[in-house]
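*Asks:* Sequence first, then the predicted structure:
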Amino acid sequence: MSWRCVPLSSAHDRKTFACGVAELDEYFRNRAGQDQKRGFASVYVAESETGKKDAVCGYYTLSAAGVLLENLPEALKAKMPRYPSVPAVRLGKLAVSLDCRGQGLGEYLLIDAIRRSLSAAVGWTLFVVDAKDESARCFFLHFGFTPLPKEERTLYLRRKDIEKL
Ligand SMILES: CC(C)(COP(=O)(O)OP(=O)(O)OC[C@H]1O[C@@H](n2cnc3c(N)ncnc32)[C@H](O)[C@@H]1OP(=O)(O)O)[C@@H](O)C(=O)NCCC(=O)NCCS
């Protein structure tokens, strides 16, 4: 299967997307467009290169964020300047449609999100994700993310480590 990742537009069919997590389906159907228009999130969708053009195989959202210095692990905190908040990019949502699960699309979307973040003009030092449940948390652990000590459902990768890859 091959996909292309593009910004969400009015050409995409939002009504039929189903990833199996009601909250993520509801968000995509009813709120993603508004969040994008208001600048709360950039929303990107995966289209199948061979299937219907308006069909959405998966999506993710990116927003500017900050992580409180006091919430970082001690070893990492020691390496940071003494600003109260560390600049970050947040992958707020990531979902793959049930029809496309297990074909590498989750990984493709995650890499696309990281690539776009690296090429953004804005400075950031942590790429953070919000895992909705234990399964999502395990997905991010699989890719080397580290949980924040005080917020187990928020995990991060350091920009420095991503750039080494
Ligand atoms: C989590 C999710 C995005 C994974 O998407 P996917 O397309 O099925 O995953 P992929 O096929 O890209 O899997 C890539 C790798 O991650 C592993 N993986 C997939 N889901 C995993 C999970 N829940 N826990 C641990 N590893 C997982 C796969 O085994 C694969 O490993 P490999 O490269 O060693 O073979 C998808 O299951 C989903 O949309 N779930 C519902 C929403 C959700 O939980 N979103 C997470 C953020 S809120």
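*Replies:* That came through fine.

*Asks:* how far does stretch 18-30 sit from the chain's center?
*Replies:* 15 Å (C-alpha atoms, centre = their mean, to the nearest Å).

*Asks:* again but with stretch 52-59, I slipped
*Replies:* 17 Å.

*Asks:* how about the strands in this structure?
*Replies:* 3-7, 42-48, 58-68, 85-96, 126-130, 146-148, 151-158 (DSSP state E).

*Asks:* Any idea how far the second one is from the middle of the chain?
*Replies:* It refers to strand 42-48. What separates the centre of strand 42-48 from the centre of its chain is 11 Å, taken as C-alpha atoms, centre = their mean.

*Asks:* Can you spell out which helices and strands pack onto that strand?
*Replies:* strand 3-7, helix 32-38, strand 58-68, helix 105-119 (3 or more C-beta pairs under 8 Å, 6 or more residues apart in numbering; DSSP states H and E). Any C-beta I mention is one placed from the backbone N, CA and C, and that applies to glycine too.

*Asks:* among the ones you listed, which is nearest the ligand?
*Replies:* Smallest distance to the ligand across these (C-beta to the nearest ligand atom): 2.4 Å, for helix 105-119.

*Asks:* what mean pLDDT does the closest one have?
*Replies:* Averaged across helix 105-119, pLDDT comes to 97.

*Asks:* tell me the angle of it relative to strand 3-7?
*Replies:* 50 degrees (axes from the mean of the first three to the mean of the last three C-alpha atoms, to 10 degrees).

*Asks:* any residue of helix 105-119 up close to the ligand?
*Replies:* Yes - judged by C-beta under 6 Å from any ligand atom, helix 105-119 comes into contact with the ligand through Leu105, Gly106, Glu107.
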